[in-house]
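1. here is a sequence together with a model predicted from it:
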Amino acid sequence: MSMTDMNYDAIVIGTGFGGLYAIKKLRDELNLSVRAFDKATEVGGTWFWNKYPGALSDSETHLYRYCWEKELLQEFDIKNKYINGPDVFNYLKAVADKHDLRKNIEFNTGINSAHFDELNNQWVVTTDKGDVFRSRFLVTALGLLSAPNLPKIKGIENFKGELYHTSRWPEHVDVSEKRVAVIGTGSTGVQVITSIAPKVKHLTVLQRSAQYTVPIGNSQLSEQEVKNIRDNYEQIWDQVWNSALGFGLNETDRPTFSVTPEERKAIFEDAWQKGGGFRFMFETFGDIATNMDANIEAQNFVKNKITEIVKDPETAQKLMPKDLYAKRPLCDSGYYAVFNRENVTLEDVKSNPIQEITEKGVLLTDGKFIELDMLICATGFDAVDGNYIRMDIRGRNGLEMKDYWKEGPSSYLGVTVANYPNMFMVLGPNGPFTNLPPSIESQVEWISDFIQYAQEQNIESIEAPVIEEEKWSQVCADIAAQTLFPKAESWIFGANIPGKKNTVYFYMGGLKEYRSVLAQVRLNNFSNFKLTAKSHSKESVVAS
Ligand code: FAD
Ligand code: NA7
């Protein structure tokens, strides 16, 4: 390949929901030359990697997709209310096929570094094969739940059985008739545990934190329901764009204590029967995530369900969450009932921690040894900034992103970072906390508009001012502080990774509000950015 072949208008890293749409927008609508890269061997991002048994989206099928791709909605076989992992993967493959996106992608290619060349206002991107590419614009769609968190447990490398992290699940794993343990009881753990329990010889669940989870309420959609979705697509999405969470919920502001205790119970029960984690948290009452007493009411409802469902009182006690109900709300396909099975054992590894993993299994502190054929780590992700820190990204003056973000990551609008000109993130830090495809779509469209504006105005360099970044960080911190989420320990605030800065990683002001902020910046011709015109000195600012 000649050097000129390696020069592009835009480089996109990542080919999940974010990267695929970025390729399409920049290539087909802006007519830019685009090269994209992914470590994976196929498109799909999250859904390429997370092929563990039971993988299921908890966004409803018709909303866990691109709004702009209306034809595929009409053609696709919509089966269930919630879409499973393999079907999301198939959907994204179909998008890539339909729009011929693969011809712009180099798979099986990790990007090791991206350095900004200030002299030429270009990004210099080096792959893990040593190839060097240059581009004016860099779009990073690295994924916010993508960098696996492998637990550092003494002796884990000595285990001689099968060892898997759920997000690096290989094809053809057979759990049947095996002695299996799962570490982790987050959304992934809950799914994998529920799915494999009936198949394995014995399952040991190594639980550090007990979880609140409600039934997902997944069911096959009737022909009429599918027709309704297809016929009313515009209205359905209109509701999404005008909502806070983008999940298609009837978000309510009804206060928990505006009804009698009997009515409250009935409302919770109704939501439990209907199913859905976000529905339970945000359709029942408007203050569960913000008011401690309201939160306790929701906690108590779920705790009573655990007591009702789980037959062994000691196991039920271990399953009782100690934290607030203020993590990403979970939902499941029969999780608590799994613990009534003869072949399932629950170990509380908070009170009785894992002492060591040996060749043959797991040794707990009290001396109990669990012999295993397979150990599954459902231990989550170094979320949000994890993949950024793992890459060598350098902006102005060689500033390394891992240094710039040492005290926690920051951004302007979740999309741009001061000192990193011409770089646009999809789902970067301090982006919206929502059903993610609508946020991804909003960001990619805004990025594309911005690049188009830069092309039209002969702008060579775009950079977020530090002051805008600081203001945005403050906005995100102020909104988060009004919720109970920072008070619970989870990946949303970086609390799941030892040594990671516990800080604000999301904009919790809602999708509608977020989109209106983006729209306002666009309407003002991006004038609060530092915009430097082509062929001018670096100080020549078009608008600031
Ligand atoms: P990803 O899909 O994560 O894609 C990022 C890609 O970047 C990956 O393919 C990765 O290989 C690549 N990459 C990263 N770094 C590099 C590098 N240095 N070089 C080359 N390639 C690189 N969201 C919801 O809204 N609803 C849900 O129900 C939901 N369920 C989820 C369930 C699971 C198990 C997980 C893990 C996540 C879930 N999510 C859900 C979040 C999900 O990640 C997003 O919805 C969405 O798929 C993110 O798309 P993306 O393109 O931004 O990133
Ligand atoms: P999560 O929600 O971060 O859950 C990870 C789980 O793994 C959680 O129960 C952790 O316990 C547990 N964990 C992590 N490290 C350890 C060690 N060292 N020992 C024991 N237990 C451990 O990740 P998920 O993949 O389930 O879900 C992430 C998101 O992806 C989810 O919200 C969806 O949006 C999709 P802890 O709670 O930290 O005590």
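-> Now that the structure is in, tell me what you want to look at. Numbering: from 1, shown residues only. Ligands and ions are numbered 1, 2, ... in the order given.
2. quick check: residues of this protein near ligand 1?
-> Within the chain, the positions lying close to ligand 1 (CB under 6 Å from any ligand atom) are 13-19, 37-40, 45-46, 48, 50, 55, 57-59, 64, 110-111, 141-143, 145-146, 188, 387, 391, 426-427, 435-436, 440. Using the backbone N, CA and C atoms, a C-beta is placed for each residue, glycine as well.
3. out of those, which are buried?
-> Buried members of the residues of the chain next to ligand 1, scored by 16 or more other CB atoms under 10 Å, are 13-19, 37-40, 45-46, 48, 50, 55, 57-59, 64, 111, 141-143, 145-146, 188, 387, 391, 426-427, 435-436, 440.
4. among the residues of the chain next to ligand 1, which are in helices?
-> Phe17, Gly18, Gly19, Thr46, Phe48, Thr188, Asn387, Leu436, Ile440 (DSSP state H).
5. ok, and which of those reach ligand 2?
-> Contacts with ligand 2 are made by Thr188 out of these, judged by CB under 6 Å from any ligand atom.
6. and Phe268, what element?
-> Element membership of Phe268 [criterion: DSSP states H and E] is helix 261-274.
7. which single residue of the stretch 1-150 of the chain approaches ligand 2 most closely?
-> Leu145 (4.4 Å; CB to the nearest ligand atom).
8. OK, contacts around that residue?
-> Applying CB atoms under 8 Å, 6 or more residues apart in numbering to Leu145 gives the contacts Thr46, Gly380, Phe381, Ala383, Trp491.
9. got it, and Leu249?
-> Ser243, Gly276, Phe278, Arg279, Phe282, Glu283.
10. for the third one, give me phi and psi.
-> Reported as degrees, to the nearest 10, the phi and psi values for Phe278 are phi -70, psi -30.
11. count the residues that sit near the closest residue in space to it that isn't next to it in sequence.
-> In space, Phe278 comes closest to Phe247 once its chain neighbours are excluded; the distance is 4.8 Å by CB to CB, 6 or more residues apart in numbering. By other CB atoms under 10 Å, 23 other residues sit near Phe247.
12. elements contacting the helix or strand that contains Lys227?
-> Using DSSP H and E, Lys227 sits in helix 223-231. Helices and strands touching helix 223-231, by 3 or more CB pairs under 8 Å, 6 or more residues apart in numbering; DSSP states H and E, are helix 70-75.
13. what packs against the helix it packs on?
-> Counting by 3+ CB pairs under 8 Å, 6+ apart, helix 70-75 packs on helix 85-98, helix 223-231.
14. right, and the helix or strand after the last one?
-> Helices and strands here follow DSSP H and E; after helix 223-231, the next one along the chain is helix 233-241.
15. sorry, back to before: now, the most widely separated pair of the contacts of Leu249?
-> Ser243 and Gly276 (14.3 Å; CB to CB).
16. between the two, which has more neighbouring residues?
-> Using other CB under 10 Å, the more surrounded residue of Ser243 and Gly276 is Gly276, with 26 against 20.
17. that one against Cys331, yeah?
-> Yes: in this structure Gly276 lies within contact range of Cys331 using CB atoms under 8 Å: 5.8 Å.
18. tell me the buried residues in the helix or strand Ile451 falls within?
-> Ile451 belongs to helix 436-456 when assigned by DSSP H and E. By 16+ other CB under 10 Å, the buried positions in helix 436-456 come out as 436-454.
19. ok, now stretch 498-518?
-> 500-501, 503-512, 514-515, 517-518.
20. next: stretch 198-211.
-> Neighbour count says stretch 198-211 has Val200, His202, Leu203, Thr204, Val205, Leu206, Gln207, Arg208, Ser209, Ala210, Gln211 buried, by 16+ other CB under 10 Å.
21. got a list of what the third one touches?
-> In this case it means Leu203. Val180, Ala181, Val182, Ile193, Ile196, Ala197, Arg341, Asn343, Val344, Thr345.
22. which residues sit against stretch 508-525?
-> 240-246, 413, 431-434, 438-439, 442-443, 446, 449-450, 453, 475-476, 479-480, 483, 485, 507, 528, 543.
23. for stretch 192-202, that is, sorry about that
-> Residues outside stretch 192-202 that contact it (CB under 8 Å, 6+ apart) are 52-54, 166, 175-180, 182, 185, 203, 205, 332-335, 338, 341, 343-345, 376, 378.
24. which SSE is the closest residue to Ser442 other than its chain neighbours in?
-> In space, and not counting its chain neighbours, Ser442 is closest to Arg515: 5.2 Å by CB to CB, 6+ apart. Assigned by DSSP H and E, Arg515 belongs to helix 511-523.
25. mind exporting that helix as CSV, just the C-alpha atoms?
-> The C-alpha coordinates for helix 511-523 follow below in CSV (Å, rounded to 0.1, in the frame of the first residue of the first chain):
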residue,chain,number,x,y,z
LEU,A,511,-32.0,12.5,25.8
LYS,A,512,-34.4,15.3,24.9
GLU,A,513,-32.4,17.9,26.8
TYR,A,514,-29.1,16.5,25.5
ARG,A,515,-30.3,16.8,21.9
SER,A,516,-31.5,20.3,22.5
VAL,A,517,-28.0,21.3,23.7
LEU,A,518,-26.4,19.7,20.7
ALA,A,519,-29.0,21.4,18.4
GLN,A,520,-28.2,24.8,20.0
VAL,A,521,-24.5,24.4,19.4
ARG,A,522,-25.2,23.5,15.8
LEU,A,523,-27.6,26.4,15.4
